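1. Structure of the sequence below:
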Amino acid sequence: MKNNAVMLVVTLILGVFSAGCGATRASHYYQLNVLSGARVPASEQPLPVTILVSRFYSSHLYREDRIVYSTQHESMGLYQYERWAEPPAEMLDEMLVRRLRHSHRYRQVYSMRSSVHGDYLLRGHLYDLKEVDTGSGLVARVSFDAELLDAKTRNLLWTHTYTHDEPAAAKTIDAVVAALDRNAQAGIADLADSLDAYFTAHPPANAPSSSTSGQN
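-> Take a look at the predicted model:
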């Protein structure tokens, strides 16, 4: 009887050990698409300015690779196995740099990670890039601010705010990521259009324009 009890304990221990050594669940990685957007007509000369794009400031949640979710009561959590290929703050930075470069609206556009000096500093703050359960469905929430500063004087020249909830087509992580991607693309396009409108209204002093009210 005693030997049987010992064997039972050994069997249970071996069973637990075997379960712990089993195959773990695979992680799935997602990435926001980097779209180029529309170019200015070839006949237009780019503005003779260099813009430095700073990485988006954010909480630690968006400087890591795990996808964030929240409820309608604003409690937040992180998916364990659904992750971004890069932290969201870095992906937005790349999306914005690519969008502005491809527009050919500006002479040069660089990330602040380079050692180039510029005329303007464009920086942003990412507040939300997450799944939200509203109770009646899932939405992809993207919210950020952006501002343009004179690189020499650090004077604030322009600000922009974007916030939008994009409905997910289904209650799946794939549908949520697709909605986040659409929302982020719309937000970057909105920012680029607003920045273009600023420079149209306030062309740099050395730009080929008859206006003399520009900023430098």
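2. wait, isn't Leu32 in contact with Asp93?
-> No: with contact defined as C-beta atoms under 8 Å, Leu32 does not reach Asp93; the gap is 11.0 Å. (C-beta placed from N, C-alpha, C; glycine too.)
3. Quick check, pLDDT for the residue most central in space within the chain.
-> Closest residue to the average C-alpha location of the chain: Leu92 at 3.2 Å, with C-alpha atoms, centre = their mean. pLDDT, Leu92: 95.
4. That one: what's it in contact with?
-> Counting by C-beta atoms under 8 Å, 6 or more residues apart in numbering, Leu92 touches Leu32, Phe56, Gly124, Leu126, Leu129, Phe144, Ala184, Ile188.
5. Tell me the one of these nearest Leu100?
-> Among the contacts of Leu92, Ile188 lies closest to Leu100 (C-beta to C-beta), at 9.3 Å.
6. sec struct for the residue nearest to that closest one when sequence neighbours are not counted, please.
-> For Ile188, ignoring the flanking residues on the chain, the nearest one in space by C-beta to C-beta, 6 or more residues apart in numbering is Met95 at 4.9 Å. Assigned by DSSP: H, G, I helix; E, B strand; the rest coil, the conformation of Met95 is helix.
7. give me every residue that touches Leu126.
-> Contacts for Leu126 were tallied using C-beta under 8 Å, 6+ apart; they are Phe56, Tyr57, Ser58, Tyr62, Pro88, Ala89, Leu92, Ser143, Phe144.
8. Starting from Gln185, give me the distance back to the second one.
-> Which is Tyr57. Look at Tyr57 and Gln185: by C-beta to C-beta, to the nearest Å, they are 21 Å apart.
9. what stretches of this protein score poorly on pLDDT?
-> Along the chain, segments meeting pLDDT under 70 span 1-23, 36-43, 114, 207-216.
10. Longest helix of it, counting residues only.
-> helix 173-201 (DSSP state H).
11. Can you name every helix or strand that that one contacts?
-> On a contact count with 3 or more C-beta pairs under 8 Å, 6 or more residues apart in numbering; DSSP states H and E, helix 173-201 meets strand 66-71, strand 76-84, helix 88-103, strand 120-133, strand 138-150, strand 156-167.
12. sorry, back to before: between Tyr57 and Gln185, point out the one with more neighbours.
-> Per other C-beta atoms under 10 Å, whichever of Tyr57 and Gln185 has more neighbours is Gln185, with 18 against 15.
13. what's the nearest residue to Asp190 if we skip its chain neighbours?
-> In space, Asp190 is closest to Tyr162, 5.4 Å off (C-beta to C-beta, 6+ apart).
14. wait, doesn't the one you found sit right on Leu129?
-> No: counting by C-beta under 8 Å, Tyr162 does not reach Leu129; the two are 11.2 Å apart.
15. so what's in contact with these two at the same time?
-> With C-beta under 8 Å, 6+ apart as the test, Tyr162 and Leu129 both reach Val142, Ser143.
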